[in-house]
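Undergrad: sequence and predicted model, in that order:
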Amino acid sequence: MLVAGFPAGSFQTNCYVIAPEEGGPCVVVDPGQDAVEPLTALLARHRLTPAAVLLTHGHLDHTWSVFPVCDGNDIPAYIHPLDEEMLADPGKGVSPQMQAMLGDLVFREPREVRALGDGDGLDLAGVTMTVDHTPGHTRGSVVFRSTVDTEDGPTQVLLAGDTLFAGAIGRTDLPGGDHATMLESLQKKLLPLDDSTVVLPGHGPTTTIGRERASNPYLLGLQQPPRKGM
């Protein structure tokens with residue numbers, strides 16, 4: 001499986017492309033600010049054609065380019081219904097200071113928007129994923145789990161959005177955020193994952209569940225539920 005990405009725009013939001021192989025269809029995850037040009041270059045380099053856009057949540061730094069990417073390629077966007085309103089009105093998910101900075105900028109929903117639900121199984125562009133609803137950063141935050149074959153055997157990959165970072169978690173002080181709900185999502189949905197699970201966060205470097213379990217200060221105080229497969 002091909003997994004590639006780049007940090008987009010002034011927010012340095014990680015935009016990912018996932019495909020079974022080069023020279024075929026792919027899924028785009030979180031095309032943020034100024035993502036169109038580097039995304040187009042990445043797709044051309046690997047000879048990929050986008051089949052869908054997946055959004056981990058509705059914040060502007062993750063959805064800025066969803067309209068041109070989706071409508072420019074005639075593909076749908078997938079987002080949890082609780083965050084869909086932010087596609088056309090991103091001011092609903094940001095601070096008053098950021099709302100003022102947006103000024104007269106206009107944002108639109110793509111022509112086709114599809115709903116994500118907890119536990120949904122997706123099979124897009126030959127990529128199979130499971131959706132987990134992880135509210136806390138926003139009401140509609142989700143993560144995507146997929147299994148890839150490596151030299152060491154099958155490995156789970158987690159597209160974590162702003163639910164989990166290397167050494168940190170997403171902020172919960174913006175509209176729709178809730179710290180207690182975030183901790184519950186981490187405990188119930190992420191801590192049960194195997195230590196070897198590779199975490200591709202919405203910002204910053206790649207990490208693993210095992211590394212975060214052992215050192216992330218926000219996870220250390222949480223009760224450790226039994227891990228999957230044990």
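TA: Yep, that arrived.
Undergrad: can we go C-alpha only for contacts and neighbour counts from here?
TA: OK.
Undergrad: give me the phi and psi angles of residue 62.
TA: For residue 62, the backbone dihedrals (degrees, to the nearest 10) come out as phi -110, psi -20.
Undergrad: so it versus residue 116, what's the distance?
TA: To residue 116, residue 62 is 16 Å away according to CA to CA, to the nearest Å.
Undergrad: buried set for whichever helix in the chain runs longest?
TA: Using DSSP state H, we find that the single longest helix of the chain is helix 36-46. When neighbours are counted by 16 or more other CA atoms under 10 Å, the buried residues of helix 36-46 are found to be 36, 39, 42-43.
Undergrad: same deal with stretch 21-34?
TA: For stretch 21-34, the buried set under the neighbour-count rule, 16+ other CA under 10 Å, comprises 22, 24-34.
Undergrad: average model confidence for that stretch?
TA: For stretch 21-34, the mean per-residue pLDDT is 97.
Undergrad: any regions of the protein where pLDDT drops low?
TA: Of all residues in the chain, those with pLDDT under 70 make up the ranges 223-230.
Undergrad: sorry, back to before: partner strands of the next helix or strand after the longest helix of the chain, with direction?
TA: Sequence order places strand 49-54 as the next helix or strand after helix 36-46, per DSSP states H and E. In its sheet, strand 49-54 lies beside strand 25-29 (parallel), strand 77-79 (parallel), with partners assigned from DSSP bridges.
Undergrad: with distance to residue 107 added, can I get those strands in a markdown table?
TA: Output for the strands paired with strand 49-54, formatted as a markdown table (distance: least, CA to CA, whole Å):
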| stretch | distance to residue 107 |
| --- | --- |
| strand 25-29 | 18 |
| strand 77-79 | 14 |
